[in-house]
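Visitor: sequence-free structure coming up:
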RNA sequence: GGUCCCAUCGUCUAGUGGCCUAGGACAUCACCCUCUCAAGGUGGAGGCACGGGUUCGAAUCCCGUUGGGACUGCCA
């Protein structure tokens, strides 16, 4: 295995962030294309945030996205001893020094300073380590650190813009920049592909990586290359916020976005396939993806476009595949997995699998997400028609002509041959004496039968629903209208 | 404030000095199709932030301005 070694290192929050998903995807594409090795590592160093379910959530989301990893998931906390050993090596070789300043003391001291941040007060005080001292990294006073970045080229950071940052907490805990970097060393990571928000802290890691390579007791590890991906932003052009923006991958899955469409859309954020076609297979993604081609500017996560693409993917499904895919949304009780927090409007007894199979083709081309299906077909399964009151008033209650048409429809439909075509012709004929074109005459019937003015083709729906139910609904509508 | 990143239609992007009268996609508008709604088809409107250079020639290279963003924790 001579290919690159990459890793995805999400922190365990309650859900999988779309930004993490995009980062994971780009790592995965890079690894798969180059016969590389992809590692999943969960950054659970901060004990307060450590959640037991988080690991399972991340693994589940990765599986849904179809991003398989070659090793892991590892927990960063399990490598605690190595982090400490690396910190001790840095300390022993003079790269770290102890500091017993409190936040208050520092703030007081630097109040008037032009440059914010720690002032290096303890650099040469040889403070004795204790449970109140932290370990700080001695940042060179002059010079720059260069971050080699595949996306942006070499980025140079002046040392004097960095304070002597804390590496080890007073309680002995090793902070993220070191822990994360030590893990990358032990995993022999060759390419660090992550969000641009990490770019400013990268020089710290580069400095410490180099320092470690200079420690005689530490094995030399060649420096990795970086690829900082452009941020995913909201409409306000701010970094996607987990509080204000819809960023949970799980919620997109629950709403009925297909993972294939989701992945395809994610790939388009900061990258684009060759040619004019944006809907491309996973294989094409793997074949064409280039880190060098990743764009430099932030990308807005546009749900509208995602939704459109999802509709295209749904329509491209075979009818059988569509029915199978739809099952969790229409018959959640029959599946292992079902969308969370999604109640179906009908009961298990009311639902009719065979009928749904016949209805499916009518809705397949009308929905953009699987979650839209129930509302569109509920009138097939519900005993009481789910009337939309405003529509009912407008189309039937306040329209005497519509009521007249309904009466004649009841009479006519009682004897007519029960097929789509005949129903179509009959409705056309019913409207003529009233001076109603078909688009006008079908409206009250549609409203009476389906409860609303929009939906699947009416006459096919009526055929599938059956004569008895249709006639009953027509009569009920008149009663409801008080006519 | 400091450091760094970024800048093509409203949005995602193609474009790597002449193929650009700037291409595609989403959104939007119009028309067609049509039993509603979609889908589909056709067409339209819409962009190189600004100012200087470099060059025979700049969306493309350089500088500056402006604008946006990220980071700046004993979080990750």
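Guide: Yep, it's here. Keep in mind the model is a prediction, meaning the values are calculated, not measured.

Visitor: please make it C-alpha for all contacts and neighbour counts, starting now.
Guide: Noted.

Visitor: which neighbouring elements make contact with the lengthiest helix in chain A?
Guide: What stands out as the longest helix in chain A, according to DSSP state H, is helix A:18-33. The helices and strands touching helix A:18-33, judged by 3 or more C-alpha pairs under 8 Å, 6 or more residues apart in numbering; DSSP states H and E, are strand A:5-8, strand A:37-42, strand A:191-195, helix A:259-267, helix A:282-288.

Visitor: at 7 Å what do you get?
Guide: Helix A:18-33 makes packing contacts with strand A:5-8, strand A:37-42, strand A:191-195, helix A:282-288 when contacts are defined by 3 or more C-alpha pairs under 7 Å, 6 or more residues apart in numbering; DSSP states H and E.

Visitor: pipe the ones you listed into a markdown table and attach mean neighbour count per row.
Guide: Output for the helices and strands packed on helix A:18-33, formatted as a markdown table (neighbours: other C-alpha atoms under 10 Å):
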| stretch | mean neighbour count |
| --- | --- |
| strand A:5-8 | 25 |
| strand A:37-42 | 22 |
| strand A:191-195 | 21 |
| helix A:282-288 | 15 |
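
Visitor: name the residues that touch the longest helix of chain A?
Guide: For helix A:18-33, the surrounding residues in contact (C-alpha atoms under 7 Å, 6 or more residues apart in numbering) are A:4, A:6-8, A:10, A:37-38, A:67, A:193-195, A:232, A:247-249, A:266, A:286-287, A:289.

Visitor: again, only using 6 Å
Guide: For helix A:18-33, the surrounding residues in contact (C-alpha atoms under 6 Å, 6 or more residues apart in numbering) are A:8, A:37, A:194, A:247, A:249, A:266, A:286.

Visitor: what residues are bridge-paired with the residue nearest to residue A:15 when sequence neighbours are not counted?
Guide: Spatial nearest neighbour of residue A:15, excluding adjacent residues (C-alpha to C-alpha, 6 or more residues apart in numbering): residue A:248 at 5.8 Å. Taking DSSP bridges, one obtains residue A:17 as the residues bridged to residue A:248.

Visitor: check contacts around residue A:248.
Guide: Per C-alpha under 6 Å, 6+ apart, neighbours of residue A:248: A:15, A:16, A:17.

Visitor: give the next helix or strand downstream of the helix or strand residue A:227 falls within.
Guide: Here residue A:227 sits within strand A:225-229, counting by DSSP states H and E. With elements assigned by DSSP H and E, the helix or strand that comes after strand A:225-229 is strand A:232-233.

Visitor: any stretches of the stretch 201-350 of chain A with poor pLDDT?
Guide: Within the stretch 201-350 of chain A, the segments meeting pLDDT under 70 span A:341-342.

Visitor: interface residues of it facing RNA strand B?
Guide: Applying C-alpha under 7 Å from any atom of the strand, we find that the stretch 201-350 of chain A lies next to RNA strand B at A:201, A:231, A:236-239, A:268-272, A:275-278, A:293-302, A:304-306, A:308-309, A:312.

Visitor: out of those residues, list just those in strands.
Guide: Using DSSP state E, the subset of those located in strands is A:299, A:300.

Visitor: now, of the residues of the stretch 201-350 of chain A next to RNA strand B, which are buried?
Guide: Buried members of those, scored by 16 or more other C-alpha atoms under 10 Å, are A:231, A:239, A:268-272, A:294-295, A:298-301, A:306, A:308-309, A:312.

Visitor: and stretch A:336-348, end to end?
Guide: Start-to-end span of stretch A:336-348 (C-alpha to C-alpha, to the nearest Å) is 15 Å.

Visitor: so what touches that stretch?
Guide: Contacts of stretch A:336-348 (C-alpha under 6 Å, 6+ apart): A:254, A:328, A:332.

Visitor: now the strands for chain A?
Guide: Taking DSSP E, the strands of chain A run over residues A:5-8, A:37-42, A:71-75, A:96-99, A:134-137, A:144-149, A:153-158, A:166-168, A:191-195, A:225-229, A:232-233, A:299-300.
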